[in-house]
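Asker: Sequence unavailable; structure follows:
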């Protein structure tokens, strides 16, 4: 078996542009991604150990192209790190799967620490004194484990970065990777370096419904037959586990420890919620009428079950959290629950989020009537009027649910009216604003989506609602 020398030359200070190669590329580069725990990299100041040929590798294979089929003696092989990264220890290459130092495969030349502090390193292919020749087709050049500094890009989860390599200065130009040289990067979608939060988060929603039927009147969570409704609802289970990405020293991250705690923030609509609990949590805060659930000092070594408790006051309408797949109501913005997590103790992970697009809390056993997506504010002779008719024989309570175009949470409030059977009524836009906490349209140029909730014994089809727009001069038109 032949041996070859690859002698490290002076490191090249200029970074080669990343590229996928060219039609003249003489070799191909394959990598196994080295994914790092961003928190660990940040804690180590951007200094990492790259475990080439361990849990990650980068190997250049010489291709046969009919032009000598080798990297020629005295040719150069250049390795370029991602932008900003520099070598913190002398880089080495492995030829043909065997690392031999001091006279066989890699012999540093010049001062000790060759390549340290540079973004690129260049190696010369030298003739072996016994066997001669270059590196033939099918031969490989792999990177050996090395220390890399300034890897600050890996301190942010979601990083995706590549090294590049190229061979040039061959006696036959066709043996070069392009002419002039074109760096060879791994084929898409392979990446050399990546990063994550250090944990994998999953959220599996529990699902719940709000019973709009008689008795509950939207104040309790539906739980089967009438009379079995409850004030509590399980909205889902959150699980955080180690992502098993690499620590800064190149070792595989261990499982989360009992010292690892987190703050969980759950975005959603929490009108009429009295409290929330999460297994393993210390405290919870709920913003009035909407906002977020915030749990602190949560033990993340076990699944976290989150439960809501309603006020349960008849006529105090709970607010639904519709999903993108389970709601018929007009919803602007992101529906459903979004769970955000952030470390609070002696952790080894960064913040992130988890969602369940199918999870929801929706209304049942009542009438939810989409009215308009053009409810407008009042000024300059313009105003909106809500008209509601009850064709049934039983009275209903009316609530309004609005979603301003400007964003933010849905807002809900009682219209403070019990509408008797066979009757109708109207509400002017300023009255609707006064009945819904936090809702305000400053002028006729501002818009909101409006849904009416009819609570009581009214069956679908008995209650109807529509939107009227009053224009300057008193002209009234219907608006959908």
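Answerer: Yep, that arrived. What you are looking at is a predicted structure, and each value in this text was computed from that prediction instead of being measured.
Asker: Check the separation of the first and last residues in stretch 145-157.
Answerer: From its first residue to its last, stretch 145-157 covers 23 Å (Cα to Cα, to the nearest Å).
Asker: residues in contact with that stretch?
Answerer: Residues from elsewhere that reach stretch 145-157, judged by Cβ atoms under 8 Å, 6 or more residues apart in numbering: 36, 38, 41-42, 46-54, 81-82, 84-92, 159, 161, 193-197, 250, 350, 352. Where C-beta positions appear, they are placed from N, C-alpha and C, glycine not excepted.
Asker: Pull out the buried residues from it.
Answerer: For stretch 145-157, the neighbour count (16 or more other Cβ atoms under 10 Å) marks 145, 146, 147, 148, 149, 150, 151, 153, 154, 155, 157 as buried.
Asker: likewise stretch 194-205?
Answerer: Of the residues in stretch 194-205, 194, 195, 196, 197, 198, 199, 200, 201, 203, 205 count as buried by neighbour count, 16+ other Cβ under 10 Å.
Asker: quick one: the helices in the chain?
Answerer: Assigned by DSSP state H, the helices in the chain fall at 38-43, 429-435.
Asker: Tell me which of those sits most buried.
Answerer: Burial of these is given as mean neighbour count (mean count of other Cβ atoms under 10 Å); helix 38-43 ranks first at a mean of 22.
Asker: Against which helices or strands is that helix packed?
Answerer: Secondary-structure packing of helix 38-43 (3 or more Cβ pairs under 8 Å, 6 or more residues apart in numbering; DSSP states H and E): strand 193-196.
Asker: quick one: strands adjacent to the strand it packs on?
Answerer: Strand pairing for strand 193-196, determined by DSSP bridges: strand 34-37 (parallel), strand 160-161 (antiparallel).
Asker: what about those, which gets the closest to residue 209?
Answerer: Among those, strand 34-37 comes nearest to residue 209, with 40.0 Å by Cβ to Cβ.
Asker: ok, the spatially most central residue of the chain - contacts?
Answerer: Note on the chain: the residue nearest the mean C-alpha position is residue 353, at 6.2 Å, using Cα atoms, centre = their mean. Contacts for residue 353 (Cβ under 8 Å, 6+ apart) come out as 201, 338, 339, 340, 341.
Asker: For residue 359, see how far away the second one is.
Answerer: As defined by Cβ to Cβ, to the nearest Å, residue 338 lies at a distance of 10 Å from residue 359.
Asker: hang on, the earlier thing: can you add distance to residue 243, mean pLDDT and mean neighbour count and give the strands paired with strand 193-196 back as a markdown table?
Answerer: As requested, the strands paired with strand 193-196 are exported to a markdown table (distance: least, Cβ to Cβ, whole Å; pLDDT from 0 to 100; neighbours: other Cβ atoms under 10 Å):
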| stretch | distance to residue 243 | mean pLDDT | mean neighbour count |
| --- | --- | --- | --- |
| strand 34-37 | 7 | 95 | 26 |
| strand 160-161 | 15 | 97 | 18 |
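Asker: How is this structure partitioned into domains?
Answerer: Following automatic domain parsing, one finds the domains of the chain at 5-196, 199-364, 367-479.
Asker: returning to that earlier point: show me which of the contacts of residue 353 is closest to residue 391.
Answerer: Of all the contacts of residue 353, residue 391 sits closest to residue 338, with 39.5 Å by Cβ to Cβ.
Asker: Now do the contacts for the closest one.
Answerer: 266, 267, 268, 353, 355.
Asker: beta partners of the second one?
Answerer: In this case it means residue 267. Counting by DSSP bridges, residue 267 forms beta bridges with residue 292, residue 338.
Asker: And for it, the neighbour number?
Answerer: By the criterion of other Cβ atoms under 10 Å, residue 267 has 19 neighbours.
Asker: Can you give me every residue that contacts it?
Answerer: Residue 267 is in contact with 292, 337, 338, 339, 340, counting by Cβ under 8 Å, 6+ apart.
Asker: circling back: any chance of the strands paired with strand 193-196 in TSV with distance to residue 306 as columns?
Answerer: Formatted as TSV, the strands paired with strand 193-196 follow (distance: least, Cβ to Cβ, whole Å):
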stretch	distance to residue 306
strand 34-37	26
strand 160-161	32
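Asker: circling back to that earlier point, will you turn the helices of the chain into CSV that also has mean pLDDT and distance to residue 454?
Answerer: Shown next, in CSV, are the helices of the chain (pLDDT from 0 to 100; distance: least, Cβ to Cβ, whole Å):
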stretch, mean pLDDT, distance to residue 454
helix 38-43, 92, 50
helix 429-435, 92, 15
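Asker: wait, isn't residue 36 in contact with residue 244?
Answerer: No - contact between residue 36 and residue 244 fails when scored by Cβ atoms under 8 Å: they sit 11.4 Å apart.
Asker: end-to-end on stretch 195-214?
Answerer: End-to-end distance of stretch 195-214 (Cα to Cα): 53 Å.
Asker: how many neighbours does residue 437 have?
Answerer: Residues lying near residue 437 (other Cβ under 10 Å) number 13.
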